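Chemist: model the structure of this input:
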Amino acid sequence: MYSIEQFKALTVPASMVITQHSRKRFAERHIMIQDVCQAIQTGRIIEQYPDDFPFPSCLILGYSEDRPIHVCASIQDNVMYVITAYIPDPAKWEADFATRKEETK
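Modeler: Model prediction:
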């Protein structure tokens, strides 16, 4: 699977693909591209999704201006595809923002 070093190495505009849909979601969530890059540079992979289509992805937890950000991304042919980014919801994540809270039934 992926390593955080692979993502850090690709955190440059020429190696990143961010869709219009993702850009729209970033704007709705008050997340800038610089926040996504900073989160990747300070981050660590907290979940891997090897069965994602069209290629495996992972969830990165990083920080930008002391704000936690989750970035879902994948790599194919030395290009990073940023799928989405969001501020983790404390109701769904433990205080470390890396551990999902167990759902109560």
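
Chemist: buried stuff in the lowest-mean-pLDDT helix or strand in the chain?
Modeler: Of all the helices and strands that make up the chain, helix 20-28 has the lowest average by mean pLDDT, DSSP states H and E, namely a mean of 93. Of the residues in helix 20-28, 22, 26 count as buried by neighbour count, 16 or more other C-beta atoms under 10 Å. Using the backbone N, CA and C atoms, a C-beta is placed for each residue, glycine as well.

Chemist: from here on, call the first residue 899.
Modeler: Taking 899 as the first residue, the last one we looked at is helix 918-926.

Chemist: against which helices or strands is it packed?
Modeler: Applying 3 or more C-beta pairs under 8 Å, 6 or more residues apart in numbering; DSSP states H and E, we find helix 918-926 packed against helix 931-940, strand 977-984.

Chemist: chain center to stretch 951-970, what's the gap?
Modeler: Chain-centre distance of stretch 951-970: 2 Å, with C-alpha atoms, centre = their mean, to the nearest Å.

Chemist: sketch out the low-pLDDT regions of this protein for me.
Modeler: Residue ranges of the chain with pLDDT under 70: 1002-1003.
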